[in-house]
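In: here is my input, please return the structure:
(2 chains)
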Amino acid sequence: MSKVLETGLVDYENIVKDGTVELLKNIEDSDFNSAIQKIQELSEARHKLFYNEVGHLTRSLHDAIRDFQVSSVDLVNDEGKAEVNKITDASDRLNYVIETTSAAANKTMDMVDSSVPVASELQNQARGLRKDWSRLIQRDLSPQEFRDLYKRIDIFLGYTDESATTLHSNLNTILLEQGYQDLTGQVIARVNDLIRDVEVKLVHLVAVAGRVDSISGIDHKESEKEPDDGDTRGHGPAIDKQNNPEVLGSQDEVDDLLSSLGF
Amino acid sequence: MKILIVDDFSTMRRIIKNLLRDLGFTNTVEADDGTTALPILQAGSIDFLVTDWNMPGMTGIELLRAVRADDKLKTIPVLMVTAEAKRDQIISAAQAGVNGYVVKPFTAVALKEKIEKIFERIDAAK
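Out: Below is the predicted model:
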(Lines give C-alpha, C1' and ligand atoms only; values in the text may rest on other atoms or scores of the structure.)
Protein backbone atom coordinates (compact mmCIF):
# COMPACT_ATOMS: atom_id res chain seq x y z
CA MET A 1 0.00 0.00 0.00
CA SER A 2 1.21 3.54 -0.75
CA LYS A 3 2.81 5.65 1.95
CA VAL A 4 0.21 8.38 1.47
CA LEU A 5 -2.52 5.86 2.03
CA GLU A 6 -0.81 4.39 5.12
CA THR A 7 -0.64 7.85 6.73
CA GLY A 8 -4.22 8.44 5.61
CA LEU A 9 -5.39 5.27 7.32
CA VAL A 10 -3.43 6.03 10.53
CA ASP A 11 -4.87 9.57 10.59
CA TYR A 12 -8.33 8.18 10.04
CA GLU A 13 -7.87 5.67 12.86
CA ASN A 14 -6.80 8.51 15.21
CA ILE A 15 -9.75 10.66 14.16
CA VAL A 16 -12.13 7.76 14.83
CA LYS A 17 -10.56 7.05 18.27
CA ASP A 18 -10.46 10.67 19.43
CA GLY A 19 -13.83 11.44 17.87
CA THR A 20 -15.53 8.56 19.65
CA VAL A 21 -14.22 9.65 23.01
CA GLU A 22 -15.43 13.22 22.37
CA LEU A 23 -18.74 11.92 21.03
CA LEU A 24 -19.35 9.87 24.20
CA LYS A 25 -18.46 12.89 26.31
CA ASN A 26 -20.88 15.08 24.29
CA ILE A 27 -23.67 12.56 24.82
CA GLU A 28 -22.92 12.27 28.55
CA ASP A 29 -23.08 16.07 28.78
CA SER A 30 -26.36 15.97 26.78
CA ASP A 31 -24.66 18.29 24.23
CA PHE A 32 -26.48 16.78 21.25
CA ASN A 33 -25.62 19.59 18.83
CA SER A 34 -21.92 18.88 19.27
CA ALA A 35 -22.55 15.11 19.16
CA ILE A 36 -24.30 15.35 15.80
CA GLN A 37 -21.54 17.57 14.49
CA LYS A 38 -18.97 14.99 15.66
CA ILE A 39 -20.81 12.18 13.85
CA GLN A 40 -20.78 14.27 10.72
CA GLU A 41 -17.06 14.92 11.07
CA LEU A 42 -16.35 11.21 11.47
CA SER A 43 -18.40 10.38 8.42
CA GLU A 44 -16.66 13.11 6.41
CA ALA A 45 -13.24 11.80 7.43
CA ARG A 46 -14.20 8.39 6.11
CA HIS A 47 -15.46 9.78 2.83
CA LYS A 48 -12.39 11.94 2.42
CA LEU A 49 -10.09 8.96 2.76
CA PHE A 50 -12.13 7.12 0.16
CA TYR A 51 -12.24 10.06 -2.22
CA ASN A 52 -8.50 10.48 -2.01
CA GLU A 53 -7.87 6.84 -2.74
CA VAL A 54 -10.48 6.63 -5.51
CA GLY A 55 -8.96 9.75 -7.07
CA HIS A 56 -5.54 8.18 -6.88
CA LEU A 57 -6.74 4.97 -8.47
CA THR A 58 -8.67 6.70 -11.21
CA ARG A 59 -5.53 8.57 -12.14
CA SER A 60 -3.40 5.44 -12.29
CA LEU A 61 -6.05 3.52 -14.26
CA HIS A 62 -6.28 6.43 -16.64
CA ASP A 63 -2.48 6.38 -17.00
CA ALA A 64 -2.51 2.66 -17.67
CA ILE A 65 -5.11 3.04 -20.40
CA ARG A 66 -3.41 6.09 -21.88
CA ASP A 67 -0.03 4.30 -21.98
CA PHE A 68 -1.77 1.48 -23.73
CA GLN A 69 -3.10 3.86 -26.37
CA VAL A 70 0.15 5.75 -26.82
CA SER A 71 2.04 2.54 -27.48
CA SER A 72 -0.37 1.63 -30.24
CA VAL A 73 0.00 4.91 -32.11
CA ASP A 74 2.11 4.85 -35.24
CA LEU A 75 4.76 7.29 -34.17
CA VAL A 76 5.66 9.28 -37.25
CA ASN A 77 4.50 9.26 -40.86
CA ASP A 78 6.11 10.78 -43.94
CA GLU A 79 5.08 14.35 -43.14
CA GLY A 80 6.58 13.97 -39.69
CA LYS A 81 3.15 14.20 -38.08
CA ALA A 82 2.03 11.70 -35.51
CA GLU A 83 -0.49 9.45 -37.17
CA VAL A 84 -3.00 7.86 -34.89
CA ASN A 85 -3.42 4.19 -35.59
CA LYS A 86 -6.98 2.97 -35.87
CA ILE A 87 -6.31 0.62 -33.00
CA THR A 88 -6.59 3.00 -30.09
CA ASP A 89 -8.13 0.96 -27.35
CA ALA A 90 -8.43 -2.53 -26.03
CA SER A 91 -11.85 -3.12 -27.51
CA ASP A 92 -10.68 -2.02 -30.98
CA ARG A 93 -7.71 -4.31 -30.54
CA LEU A 94 -9.88 -7.28 -29.72
CA ASN A 95 -12.08 -6.47 -32.70
CA TYR A 96 -8.91 -6.49 -34.76
CA VAL A 97 -8.28 -10.03 -33.48
CA ILE A 98 -11.78 -11.13 -34.52
CA GLU A 99 -11.42 -9.53 -37.96
CA THR A 100 -7.93 -10.89 -38.56
CA THR A 101 -8.77 -14.44 -37.52
CA SER A 102 -11.96 -14.34 -39.57
CA ALA A 103 -10.13 -13.03 -42.65
CA ALA A 104 -7.44 -15.69 -42.29
CA ALA A 105 -10.01 -18.46 -41.88
CA ASN A 106 -11.94 -17.27 -44.94
CA LYS A 107 -8.82 -16.89 -47.08
CA THR A 108 -7.72 -20.40 -46.05
CA MET A 109 -11.14 -21.81 -46.92
CA ASP A 110 -11.10 -19.94 -50.28
CA MET A 111 -7.82 -21.66 -51.06
CA VAL A 112 -9.23 -25.04 -50.04
CA ASP A 113 -12.35 -24.40 -52.15
CA SER A 114 -10.24 -23.61 -55.22
CA SER A 115 -7.91 -26.58 -54.63
CA VAL A 116 -10.53 -29.29 -54.18
CA PRO A 117 -11.81 -29.21 -57.81
CA VAL A 118 -8.23 -29.22 -59.14
CA ALA A 119 -7.42 -32.34 -57.11
CA SER A 120 -10.71 -33.99 -58.15
CA GLU A 121 -10.03 -33.32 -61.85
CA LEU A 122 -6.51 -34.78 -61.53
CA GLN A 123 -7.98 -37.84 -59.87
CA ASN A 124 -10.63 -38.25 -62.60
CA GLN A 125 -8.15 -37.95 -65.46
CA ALA A 126 -5.63 -40.27 -63.77
CA ARG A 127 -8.29 -42.92 -63.15
CA GLY A 128 -9.43 -42.79 -66.77
CA LEU A 129 -5.87 -43.08 -68.10
CA ARG A 130 -4.98 -45.87 -65.71
CA LYS A 131 -7.78 -48.04 -67.06
CA ASP A 132 -6.54 -47.66 -70.63
CA TRP A 133 -2.93 -47.92 -69.51
CA SER A 134 -3.51 -51.36 -67.98
CA ARG A 135 -5.17 -52.42 -71.24
CA LEU A 136 -2.03 -51.24 -73.03
CA ILE A 137 0.11 -53.35 -70.66
CA GLN A 138 -2.08 -56.32 -71.51
CA ARG A 139 -1.66 -55.46 -75.21
CA ASP A 140 -5.41 -55.04 -75.47
CA LEU A 141 -5.46 -51.71 -77.35
CA SER A 142 -6.27 -51.14 -81.01
CA PRO A 143 -3.79 -48.91 -82.94
CA GLN A 144 -6.41 -46.11 -83.02
CA GLU A 145 -6.95 -46.39 -79.25
CA PHE A 146 -3.19 -46.33 -78.74
CA ARG A 147 -2.82 -43.11 -80.75
CA ASP A 148 -5.66 -41.64 -78.71
CA LEU A 149 -4.03 -42.65 -75.41
CA TYR A 150 -0.74 -41.19 -76.62
CA LYS A 151 -2.41 -37.79 -77.06
CA ARG A 152 -4.32 -37.97 -73.79
CA ILE A 153 -1.16 -38.72 -71.83
CA ASP A 154 0.43 -35.61 -73.27
CA ILE A 155 -2.60 -33.48 -72.29
CA PHE A 156 -2.63 -35.08 -68.85
CA LEU A 157 1.04 -34.31 -68.24
CA GLY A 158 0.43 -30.69 -69.17
CA TYR A 159 -2.59 -30.51 -66.87
CA THR A 160 -0.67 -32.18 -64.03
CA ASP A 161 2.11 -29.62 -64.33
CA GLU A 162 -0.38 -26.71 -64.26
CA SER A 163 -2.36 -28.24 -61.39
CA ALA A 164 0.72 -28.83 -59.29
CA THR A 165 1.66 -25.17 -59.76
CA THR A 166 -1.84 -24.04 -58.70
CA LEU A 167 -1.90 -26.34 -55.67
CA HIS A 168 1.60 -25.28 -54.70
CA SER A 169 0.64 -21.63 -54.77
CA ASN A 170 -2.61 -22.28 -52.85
CA LEU A 171 -0.72 -24.18 -50.15
CA ASN A 172 1.76 -21.33 -49.88
CA THR A 173 -1.08 -18.84 -49.46
CA ILE A 174 -2.55 -21.04 -46.70
CA LEU A 175 0.84 -21.16 -45.00
CA LEU A 176 1.27 -17.39 -45.11
CA GLU A 177 -2.27 -16.81 -43.82
CA GLN A 178 -1.27 -18.52 -40.55
CA GLY A 179 0.72 -15.37 -39.74
CA TYR A 180 -2.45 -14.14 -38.01
CA GLN A 181 -1.45 -16.26 -35.01
CA ASP A 182 1.61 -14.09 -34.38
CA LEU A 183 -0.23 -10.78 -34.89
CA THR A 184 -3.28 -11.61 -32.83
CA GLY A 185 -1.18 -13.32 -30.16
CA GLN A 186 0.72 -10.08 -29.60
CA VAL A 187 -2.47 -8.05 -29.38
CA ILE A 188 -4.09 -10.46 -26.93
CA ALA A 189 -0.97 -10.49 -24.76
CA ARG A 190 -1.10 -6.68 -24.51
CA VAL A 191 -4.80 -6.57 -23.69
CA ASN A 192 -4.12 -9.25 -21.10
CA ASP A 193 -1.48 -7.04 -19.48
CA LEU A 194 -3.93 -4.14 -19.33
CA ILE A 195 -6.59 -6.30 -17.70
CA ARG A 196 -4.11 -7.59 -15.13
CA ASP A 197 -3.04 -4.00 -14.39
CA VAL A 198 -6.62 -2.86 -13.88
CA GLU A 199 -7.39 -5.91 -11.76
CA VAL A 200 -4.46 -5.32 -9.41
CA LYS A 201 -5.64 -1.74 -8.89
CA LEU A 202 -9.23 -2.78 -8.24
CA VAL A 203 -8.09 -5.41 -5.73
CA HIS A 204 -6.15 -2.62 -4.03
CA LEU A 205 -9.30 -0.48 -3.84
CA VAL A 206 -11.21 -3.38 -2.31
CA ALA A 207 -8.44 -3.81 0.27
CA VAL A 208 -8.57 -0.10 1.17
CA ALA A 209 -12.35 -0.22 1.51
CA GLY A 210 -11.96 -3.23 3.78
CA ARG A 211 -9.43 -1.46 6.01
CA VAL A 212 -11.57 1.69 6.29
CA ASP A 213 -14.66 -0.37 7.12
CA SER A 214 -12.86 -2.43 9.73
CA ILE A 215 -11.61 0.77 11.44
CA SER A 216 -15.17 2.14 11.31
CA GLY A 217 -16.52 -1.19 12.60
CA ILE A 218 -18.82 -1.71 9.58
CA ASP A 219 -19.50 -5.33 8.74
CA HIS A 220 -20.78 -6.14 5.26
CA LYS A 221 -22.89 -9.21 4.81
CA GLU A 222 -21.74 -11.44 1.95
CA SER A 223 -23.84 -10.41 -1.00
CA GLU A 224 -25.87 -13.27 -2.32
CA LYS A 225 -24.84 -14.55 -5.70
CA GLU A 226 -27.22 -14.19 -8.60
CA PRO A 227 -28.32 -17.58 -9.87
CA ASP A 228 -26.02 -18.58 -12.73
CA ASP A 229 -27.83 -19.10 -16.02
CA GLY A 230 -24.53 -19.94 -17.76
CA ASP A 231 -25.76 -23.41 -18.63
CA THR A 232 -28.45 -21.86 -20.83
CA ARG A 233 -26.44 -18.89 -22.09
CA GLY A 234 -23.36 -21.01 -22.70
CA HIS A 235 -19.85 -20.77 -21.29
CA GLY A 236 -17.81 -20.84 -24.48
CA PRO A 237 -14.91 -23.22 -24.95
CA ALA A 238 -13.59 -24.81 -21.73
CA ILE A 239 -10.02 -23.62 -21.23
CA ASP A 240 -8.91 -26.01 -18.47
CA LYS A 241 -10.65 -29.29 -19.26
CA GLN A 242 -8.22 -31.47 -17.29
CA ASN A 243 -8.85 -29.81 -13.95
CA ASN A 244 -12.60 -29.41 -14.22
CA PRO A 245 -14.49 -32.63 -13.50
CA GLU A 246 -17.73 -31.02 -14.76
CA VAL A 247 -16.32 -30.54 -18.25
CA LEU A 248 -15.99 -33.48 -20.61
CA GLY A 249 -12.62 -33.56 -22.33
CA SER A 250 -13.42 -35.30 -25.61
CA GLN A 251 -16.08 -36.44 -28.05
CA ASP A 252 -15.65 -39.98 -26.67
CA GLU A 253 -16.58 -38.84 -23.16
CA VAL A 254 -19.60 -37.00 -24.56
CA ASP A 255 -20.64 -40.14 -26.44
CA ASP A 256 -20.23 -42.26 -23.29
CA LEU A 257 -22.37 -39.86 -21.27
CA LEU A 258 -25.06 -39.81 -23.95
CA SER A 259 -25.10 -43.59 -24.26
CA SER A 260 -25.41 -43.88 -20.46
CA LEU A 261 -28.53 -41.70 -20.88
CA GLY A 262 -29.94 -44.19 -23.38
CA PHE A 263 -28.78 -42.52 -26.63
CA MET B 1 -32.74 -33.01 -47.89
CA LYS B 2 -32.50 -29.35 -46.84
CA ILE B 3 -30.26 -28.57 -43.86
CA LEU B 4 -30.29 -25.40 -41.74
CA ILE B 5 -26.92 -24.47 -40.20
CA VAL B 6 -27.12 -22.10 -37.21
CA ASP B 7 -23.91 -20.56 -35.84
CA ASP B 8 -22.99 -16.95 -35.00
CA PHE B 9 -19.56 -17.30 -36.66
CA SER B 10 -19.64 -17.29 -40.45
CA THR B 11 -16.39 -19.23 -40.65
CA MET B 12 -17.86 -22.08 -38.58
CA ARG B 13 -20.99 -22.09 -40.79
CA ARG B 14 -18.74 -22.31 -43.82
CA ILE B 15 -16.73 -25.21 -42.34
CA ILE B 16 -19.89 -27.15 -41.55
CA LYS B 17 -21.38 -26.33 -44.96
CA ASN B 18 -18.25 -27.62 -46.73
CA LEU B 19 -18.16 -30.81 -44.65
CA LEU B 20 -21.84 -31.42 -45.36
CA ARG B 21 -21.21 -30.88 -49.08
CA ASP B 22 -18.46 -33.52 -48.94
CA LEU B 23 -21.00 -35.87 -47.36
CA GLY B 24 -23.33 -35.22 -50.28
CA PHE B 25 -25.67 -32.67 -48.66
CA THR B 26 -25.54 -29.73 -51.03
CA ASN B 27 -28.81 -28.05 -50.09
CA THR B 28 -28.05 -25.89 -47.03
CA VAL B 29 -29.32 -22.62 -45.57
CA GLU B 30 -27.70 -20.55 -42.84
CA ALA B 31 -28.81 -18.48 -39.83
CA ASP B 32 -26.70 -16.69 -37.23
CA ASP B 33 -28.76 -17.38 -34.10
CA GLY B 34 -32.01 -18.91 -32.84
CA THR B 35 -34.01 -15.75 -33.47
CA THR B 36 -33.20 -15.74 -37.19
CA ALA B 37 -33.37 -19.55 -37.43
CA LEU B 38 -36.92 -19.96 -36.11
CA PRO B 39 -38.71 -18.10 -38.94
CA ILE B 40 -36.74 -20.14 -41.50
CA LEU B 41 -37.81 -23.34 -39.74
CA GLN B 42 -41.41 -22.17 -39.48
CA ALA B 43 -41.48 -21.37 -43.18
CA GLY B 44 -41.14 -25.14 -43.67
CA SER B 45 -38.95 -27.28 -45.97
CA ILE B 46 -36.10 -27.75 -43.47
CA ASP B 47 -35.37 -31.43 -42.91
CA PHE B 48 -32.40 -31.27 -40.58
CA LEU B 49 -31.07 -28.71 -38.09
CA VAL B 50 -27.41 -28.26 -37.14
CA THR B 51 -26.98 -25.68 -34.38
CA ASP B 52 -24.34 -24.13 -32.14
CA TRP B 53 -25.16 -23.52 -28.45
CA ASN B 54 -23.58 -20.22 -27.47
CA MET B 55 -25.04 -17.46 -29.65
CA PRO B 56 -26.24 -13.91 -29.04
CA GLY B 57 -30.02 -13.47 -28.98
CA MET B 58 -31.55 -16.91 -28.86
CA THR B 59 -29.16 -19.72 -27.92
CA GLY B 60 -29.04 -23.18 -29.42
CA ILE B 61 -30.61 -24.89 -26.41
CA GLU B 62 -33.47 -22.38 -26.48
CA LEU B 63 -33.89 -23.01 -30.19
CA LEU B 64 -33.95 -26.77 -29.57
CA ARG B 65 -36.65 -26.34 -26.89
CA ALA B 66 -38.65 -24.04 -29.19
CA VAL B 67 -38.46 -26.60 -32.01
CA ARG B 68 -39.55 -29.45 -29.75
CA ALA B 69 -42.43 -27.34 -28.39
CA ASP B 70 -43.74 -26.56 -31.88
CA ASP B 71 -46.13 -29.21 -33.23
CA LYS B 72 -45.08 -28.60 -36.84
CA LEU B 73 -41.34 -28.70 -36.11
CA LYS B 74 -40.94 -31.16 -33.28
CA THR B 75 -39.89 -34.12 -35.43
CA ILE B 76 -36.96 -32.33 -37.13
CA PRO B 77 -33.69 -34.04 -36.18
CA VAL B 78 -31.34 -31.66 -34.34
CA LEU B 79 -27.56 -32.01 -34.17
CA MET B 80 -25.70 -29.74 -31.75
CA VAL B 81 -22.18 -28.72 -32.77
CA THR B 82 -20.78 -26.69 -29.91
CA ALA B 83 -17.85 -25.86 -27.65
CA GLU B 84 -20.11 -26.29 -24.61
CA ALA B 85 -18.95 -29.45 -22.89
CA LYS B 86 -20.25 -29.31 -19.32
CA ARG B 87 -21.84 -32.54 -18.12
CA ASP B 88 -25.03 -30.73 -17.01
CA GLN B 89 -25.37 -29.00 -20.37
CA ILE B 90 -25.09 -32.22 -22.32
CA ILE B 91 -27.68 -33.80 -20.02
CA SER B 92 -30.06 -30.86 -20.49
CA ALA B 93 -29.59 -31.01 -24.27
CA ALA B 94 -30.42 -34.73 -24.14
CA GLN B 95 -33.48 -34.00 -22.01
CA ALA B 96 -34.56 -31.27 -24.44
CA GLY B 97 -34.53 -33.90 -27.19
CA VAL B 98 -31.28 -33.40 -29.11
CA ASN B 99 -30.50 -36.15 -31.63
CA GLY B 100 -26.72 -35.80 -31.62
CA TYR B 101 -24.02 -33.81 -29.85
CA VAL B 102 -20.63 -32.93 -31.37
CA VAL B 103 -18.08 -30.94 -29.34
CA LYS B 104 -15.84 -28.36 -30.99
CA PRO B 105 -13.16 -28.65 -32.16
CA PHE B 106 -14.48 -31.60 -34.13
CA THR B 107 -13.25 -33.79 -36.95
CA ALA B 108 -14.95 -34.47 -40.29
CA VAL B 109 -15.19 -38.11 -39.22
CA ALA B 110 -17.04 -37.27 -35.97
CA LEU B 111 -19.53 -35.07 -37.81
CA LYS B 112 -20.13 -37.73 -40.47
CA GLU B 113 -20.56 -40.46 -37.86
CA LYS B 114 -23.16 -38.51 -35.87
CA ILE B 115 -25.16 -37.50 -38.94
CA GLU B 116 -25.20 -41.09 -40.26
CA LYS B 117 -26.25 -42.39 -36.85
CA ILE B 118 -29.17 -39.94 -36.74
CA PHE B 119 -30.36 -41.04 -40.21
CA GLU B 120 -29.98 -44.72 -39.31
CA ARG B 121 -32.25 -44.21 -36.32
CA ILE B 122 -34.80 -42.30 -38.38
CA ASP B 123 -34.83 -45.03 -41.03
CA ALA B 124 -35.13 -47.73 -38.35
CA ALA B 125 -38.10 -45.93 -36.81
CA LYS B 126 -39.96 -45.75 -40.12
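
In: look up phi and psi at B:Val103.
Out: Per-residue torsions, B:Val103: phi -90, psi 140 (degrees, to the nearest 10).

In: who's in contact with it?
Out: For B:Val103, the contact set (CB atoms under 8 Å, 6 or more residues apart in numbering or on different chains) comprises A:248, A:250-251, A:254, B:82-85. (C-beta placed from N, C-alpha, C; glycine too.)

In: how about 6 Å then?
Out: Residues counted as contacts of B:Val103 (CB atoms under 6 Å, 6 or more residues apart in numbering or on different chains) are A:251, A:254, B:85.

In: skip the chain neighbours and tell me the closest residue to it.
Out: With sequence-adjacent residues excluded and distances taken as CB to CB, 6 or more residues apart in numbering or on different chains, B:Val103 is closest to B:Ala85, at 5.0 Å.

In: before we move on, what about B:Met1?
Out: The shortest distance from B:Met1 to any non-neighbouring residue, by CB to CB, 6+ apart, is to B:Asp47 (5.1 Å).

In: by neighbours, which of the contacts of B:Val103 wins?
Out: Within the contacts of B:Val103, most neighbours by other CB atoms under 10 Å in any protein chain shown means B:Ala85, with 25 neighbours.

In: nearest the geometric middle of chain A, what residue?
Out: In chain A, the centroid-proximal residue (CA atoms, centre = their mean) is A:Ile188; its distance is 5.8 Å.

In: please tell me how far the residue nearest the centre of chain B sits from A:His56.
Out: Centroid check for chain B by CA atoms, centre = their mean gives B:Val50 as the closest residue, at 1.9 Å. Using CB to CB, to the nearest Å, we find B:Val50 at a distance of 53 Å from A:His56.

In: which secondary structure elements does the host helix or strand of A:Ser259 contact?
Out: Applying DSSP states H and E as the criterion places A:Ser259 in helix A:251-260. Helices and strands touching helix A:251-260, by 3 or more CB pairs under 6 Å, 6 or more residues apart in numbering or on different chains; DSSP states H and E, are strand B:100-103.

In: those strands in the stretch 1-150 of chain A, which residues are they?
Out: Counting by DSSP state E, counting those that start in this stretch, the stretch 1-150 of chain A forms no strands at all.

In: got a pLDDT number for the residue nearest to B:Val103?
Out: According to the prediction, B:Ala85 has pLDDT 89.

In: from memory it sits against A:Leu248, does it?
Out: Yes - assessed by CB atoms under 6 Å, B:Ala85 is found in contact with A:Leu248 at 4.8 Å.

In: give me every residue that touches the residue nearest to B:Val103.
Out: Applying CB under 6 Å, 6+ apart to B:Ala85 gives the contacts A:238, A:247-248, B:103.

In: what about A:Gln37, how many residues nearby?
Out: Neighbours of A:Gln37 (other CB under 10 Å): 14.

In: how about the residue of chain B found nearest chain A, what does it touch?
Out: As assessed by CB to the nearest CB, chain A sits closest to B:Asn54 within chain B, at 2.9 Å. B:Asn54 makes contacts with A:234, A:236, as judged by CB under 6 Å, 6+ apart.

In: same thing but 8 Å
Out: A:233-236, B:8, B:60, B:82-84.

In: what is the neighbour count of residue 58?
Out: All of this is about chain A. Quick note: A:Thr58 (other CB under 10 Å) scores 12 neighbours.

In: chain B was what I was after
Out: As a burial measure, B:Met58 scores 17 neighbours (other CB under 10 Å).

In: I am finished for the moment; much appreciated.
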